[in-house]
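J.: Provided below for reference: sequence and predicted model.
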Amino acid sequence: STSARAVVASVPVSKGTVIPHTRPDRFATAMRRTATTARANATLQRSHGRCRTVRARERKEEGSGSRTEEVETAPVAIYDHPLAYDVAFSYRDVQQEVDFLESVMDEHAKPSSCTTVIEIGCGPARHCLELARRGKYCIGIDNNPKMVEYSEKKARVEGLERMKLVQADMRDFDLEIQADLVCCLLGTLSHLHTEEDLMRTFQACAQHNRPGGLLVLEISHPAELFDGSLMDPQGDAWEAEEDGTRVVVEWGREGDFFCPITQIVERTVGLTVLDNKGSLKYSLEQVVPQKMFTLAEIKGFAQLAGYNFVSSYGEMDASLEMSPEAEGACRLVVILKKK
């Protein structure tokens, strides 16, 4: 699974919150997202206080043989809680993003037909699910068994027989199939912390990509490496709600360490899950090391693995090709073609 960042450091709104530079047609969406920030920050402060109170009470009563649990405590591994993770990133417009994947296949793949798709590090597999609904044969790969089980259940509920989930490491998987499209989305590539890991992943993708097929990568915008925001992090916060589950997301925190040598940020990620009355159910927190990549690095390793660079976009939107003047670009989406 992965983590994703929907905003880029730019215009401060309040401490710990930023709103991206955006094109006019995206401004309304950005403002709706920002409007939840004050509530998100306030909820985080309240929930953190309640968590500290409960944990203190548990420590105090540990020796007495009794234990009071007013709030459900949960393990810190956020990827072990797929529902909370899924809801946290439910703001993504998956239908539009799958439209984008189909459009780049039509434009850049040779031949352009797309019947088989592999998504590595698929997490809750929203893109796989949508592709399967459109008749593609999809295989989603994730190394977390709880994510795989969660996504399999969603596919079964919808009766999507053309979708398969596999528990595997994206650096080393063998599906005995060559797909028209291989993709790695929502910044999942950031979990590869060494050049060896990145090379192994590219090689595994190339093994499963037909000649003329595409590899699509979505990573953080490289401006984050160079604009100084990682050296003085503030973090973001937002809320998301779906089917009665409300999640407040803390994405990064003031003081998170960034190493400019390794290009790895030790990002604090918190998911606070609330019931429909706004009461705290549980809170998850984990420091997630994430590596930042430049476009030059991606191009170099891709070339070594058997890919040619085709194009890049500022997000999963075919109208927003990447350029120094690309207004509204908040991600880096790289299109690579198998030789």
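T.: Structure's in. What do you need?
J.: from now on I want contacts and neighbour counts done on CA atoms only, so please keep to that.
T.: OK.
J.: please enumerate the helices of the protein.
T.: Under the criterion DSSP state H, the chain contains helices at 24-35, 37-61, 82-88, 94-108, 126-133, 145-158, 195-207, 223-226, 295-305.
J.: give the buried residues for the fourth one.
T.: Residues 94, 97, 98, 99, 100, 101, 102, 104, 105, 108 are the ones in helix 94-108 that count as buried (16 or more other Cα atoms under 10 Å).
J.: name the nearest of these relative to residue 151.
T.: The nearest member of the buried residues of helix 94-108 to residue 151, counting by Cα to Cα, is residue 94 at 15.2 Å.
J.: list the contacts of the closest one.
T.: By Cα atoms under 8 Å, 6 or more residues apart in numbering, the residues touching residue 94 are 126, 127, 130.
J.: repeat for residue 215
T.: The contact partners of residue 215, by Cα under 8 Å, 6+ apart, come to 181, 182, 183, 184, 205, 209, 335, 336, 337, 338.
J.: now, the most widely separated pair of those residues?
T.: Maximum pairwise distance in those, criterion Cα to Cα, is 15.0 Å, between 184 and 338.
J.: selecting buried members of the contacts of residue 94 in ChimeraX, what would you type?
T.: In ChimeraX syntax, the buried subset of the contacts of residue 94 is picked out as below (16+ other Cα under 10 Å):
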select :126,127,130
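J.: JSON lines please, covering the contacts of residue 94 and showing pLDDT and distance to residue 319.
T.: Below are these laid out as JSON lines (pLDDT from 0 to 100; distance: Cα to Cα, whole Å):
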{"residue": "126", "pLDDT": "98", "distance to residue 319": "22"}
{"residue": "127", "pLDDT": "98", "distance to residue 319": "20"}
{"residue": "130", "pLDDT": "98", "distance to residue 319": "21"}
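J.: mind putting the contacts of residue 94 into a markdown table with distance to residue 313?
T.: Below are these laid out as a markdown table (distance: Cα to Cα, whole Å):
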| residue | distance to residue 313 |
| --- | --- |
| 126 | 21 |
| 127 | 18 |
| 130 | 21 |
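J.: what's the closest of the contacts of residue 94 to residue 311?
T.: Closest approach to residue 311 among the contacts of residue 94 (Cα to Cα): residue 127, at 20.9 Å.
J.: ok, that closest one touching residue 98?
T.: Yes. With contact defined as Cα atoms under 8 Å, residue 127 reaches residue 98; the gap is 6.6 Å.
J.: of the contacts of residue 94, which is the nearest to residue 235?
T.: Taking Cα to Cα as the measure, residue 235 lies nearest residue 126 of the contacts of residue 94, at 25.3 Å.
J.: distance of residue 198 from residue 170?
T.: Distance of residue 198 to residue 170, given as Cα to Cα, to the nearest Å: 10 Å.
J.: with residue 311 instead?
T.: Look at residue 311 and residue 170: by Cα to Cα, they are 23 Å apart.
J.: now residue 161
T.: Using Cα to Cα, residue 161 is found at 23 Å from residue 170.
J.: more neighbours: these two, which one.
T.: Between residue 161 and residue 170, counted using other Cα atoms under 10 Å, the more crowded position is residue 170 (25 against 13).
J.: for that one, give me phi and psi.
T.: In terms of degrees, to the nearest 10, the main-chain angles of residue 170 are phi -70, psi -10.
J.: cool, residue 318 as well?
T.: As for residue 318, its main-chain torsions (degrees, to the nearest 10) stand at phi -70, psi -20.
J.: just checking, it touches residue 105?
T.: No. If you go by Cα under 8 Å, residue 318 and residue 105 don't touch, sitting 11.1 Å apart.
J.: of the contacts of residue 215, which is the most crowded?
T.: If you count neighbours using other Cα under 10 Å, the busiest of the contacts of residue 215 is residue 205, which has 32 neighbours.
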